[in-house]
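> Quick one: sequence plus predicted model below, questions after.
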Amino acid sequence: MRLLFIIPEYPPHSGGGIATFYSNTLPEIVAQGHQVDVLVGSAFTSKLPSYQKDGVNVEFLNDNLISSNLYKFNRYQAIPEFQRHLAAAWTAWEQVNKGQGYDLVETTDWGMLFAPWIISPESPPTVVQLHASIGQIDFYDPQVDSQLQGNLVRLLEVNLLSVADQLQTYSQSNAQAWKQLIGRDVSYIPPAMPLVPNIQPFKKSAHGLVVGRIQYWKGTTIVCEALRLLGEKAPIIDWIGRDTTYRDSNTSMAAYLAQTYPDIWGNKAQPLGTFSPEETRQLQAMAKFIIVPSIWDVFNYTCVEGMAQGQTVLCSLGAGAADLITDEVNGLTFTAGDAQSLANRLDILLSWSQGKQEKIGKAAQETIQTFLNPKLIAQQRLEVYEKLIKHGRYSISPNSWLIEAVSPQKPLEKPLAFLDYLPLRELANYLLERSLKKLVKR
């Protein structure tokens, strides 16, 4: 088969969950005799030189061409991020010549990259891999200044994905969530995790570790509250990851935590910043245990990375990776968003002997080697591809309203004309407040 993947990131230029997912899977698909081409790009990526690695051909979206498509969506100028997502999606579509010559295309739910492939009758059979859509992320971590985008995107995602050729995801909870939203079955195939040699830590730490962005839905507040509940028994938890905004563009999540939990954040919960993938793996190997505290997460690779290293992992049931854990057999789980539950499970973990933790860690390692074997996962994915190619595209087509909503159109002459309907006093006050904020920042 000749396969094309349209994705927002791929190593070595990024190290997020989507990049990890595909870098662990695509080389094995190539090894099984198939051609794999990748176009990397989104509304926020830059064009980089093409390259080939492990038989995978990687090309980057020409971000200079996004501007020409941006004007075709200027009816969404009031929602500039959404406007740019659609422009990038259609630029990718054009750059690969509508997927002509490919047996199948796979794209992701993030960044509306799927839109052209679903609505165009010219598309090859297309798989949408459900990682975490921008609508989902906004739902679990809403920003006060992007509610219009969040609501619009969710409506479009639900309607577009309901008529996609094939939907897949790698956590059972996410498959069930989308099934409830769109009334269609979603295929579940776990992610691949290559076998890596055990990392020998320089020294063993007495601290627990969280690896993830300092972000609300990653469970930052839950960790702080659980450590507060444990009082003097609370362990020190190191946190690796970059800071993000909280609720609005002027508020840092880390600043909010320092203000709300001054006794915990920077004391019992210690932000370390960001590290290279190699340094992060070393710190994971050194940790006494690993916590995955997500309120919600489609998967969360730090869970299986820890398990693969033979570490004891305490994982929220809100993270899809919890599917792989049998409680107190190959790890520990706790109720998502429940600080008391996390505190109780931490108390149990801290009571275990070193031998007990090593036994749990060994069972975790065996789980990953058995269930996430790249060769077996690639075979499962290829079976789905072959079946889709044989049966062809989905029988129901998107309606004309939906097509028009996400298609390039003749640019509006006055895309900001909607401002005429807003009171001048409100506009003037807002403009004054915004100007003052910029002056203060200077």
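Yep, that arrived.

> The residue most central in space within the chain and residue 141, how far apart?
Nearest to the geometric centre of the chain sits residue 132, at 4.8 Å (CA atoms, centre = their mean). Distance from residue 132 to residue 141, counting by CB to CB, to the nearest Å: 11 Å. Glycine gets a C-beta too; all of them are placed from N, C-alpha and C.

> cool, residue 155 as well?
From residue 155 to residue 141 the distance is 19 Å (CB to CB).

> Can I take it that residue 15 is in a helix?
No. Going by DSSP: H, G, I helix; E, B strand; the rest coil, the assignment for residue 15 is coil, not a helix.

> surely it meets residue 277?
Yes. Between residue 15 and residue 277 a contact is recorded at 5.4 Å, counting by CB atoms under 8 Å.

> Give me the more crowded residue out of those two.
In terms of neighbours (other CB atoms under 10 Å), residue 15 is the more surrounded of residue 15 and residue 277; the figures are 16 against 12.

> residues touching the more buried one, list them.
residue 277 (CB atoms under 8 Å, 6 or more residues apart in numbering).

> pLDDT at it, what is it?
Listed pLDDT for residue 15 reads 71.

> Compare residue 155 and residue 141 (neighbour count), which wins?
residue 141 (19 against 13).

> mind listing what that one touches?
215, 216, 217.

> what sits against the second one?
The one in question is residue 216. 140, 141, 246, 253, 295.

> Just the ones in helices from those, please.
Of the contacts of residue 216, the ones assigned to helices by DSSP state H are 140, 253.

> Quick check: of the contacts of residue 216, which lies closest to residue 184?
Of all the contacts of residue 216, residue 184 sits closest to residue 140, with 21.7 Å by CB to CB.

> was I right about that closest one contacting residue 318?
No. Using CB under 8 Å, residue 140 makes no contact with residue 318, being 9.1 Å away.

> which neighbours do these two share?
With CB under 8 Å, 6+ apart, residue 140 and residue 318 have common neighbours 295, 296.

> the more surrounded of these two?
Between residue 140 and residue 318, residue 318 has the larger neighbour count (other CB under 10 Å), namely 24 against 16.

> if I look at the residue nearest to residue 54 when sequence neighbours are not counted, how far off is residue 38?
Nearest non-adjacent residue to residue 54, counting by CB to CB, 6 or more residues apart in numbering: residue 27, 3.7 Å away. Distance, residue 27 to residue 38, using CB to CB: 11 Å.

> Give me the more crowded residue out of these two.
Counted by other CB under 10 Å, residue 27 and residue 38 do not tie: residue 38 has more neighbours, with 22 against 19.

> sec struct for that one, please.
strand.

> which residues does it contact?
Counted by CB under 8 Å, 6+ apart, residue 38 has contacts 4, 5, 7, 10, 22, 26, 56, 57, 58, 59.

> Among those, which are located in strands?
4, 5, 7, 56, 57, 58, 59 (DSSP state E).

> Go ahead and confirm residue 77 touches residue 86.
No. With contacts counted by CB under 8 Å, residue 77 stays clear of residue 86, the gap being 11.8 Å.

> the more surrounded of those two?
residue 86 (27 against 17).
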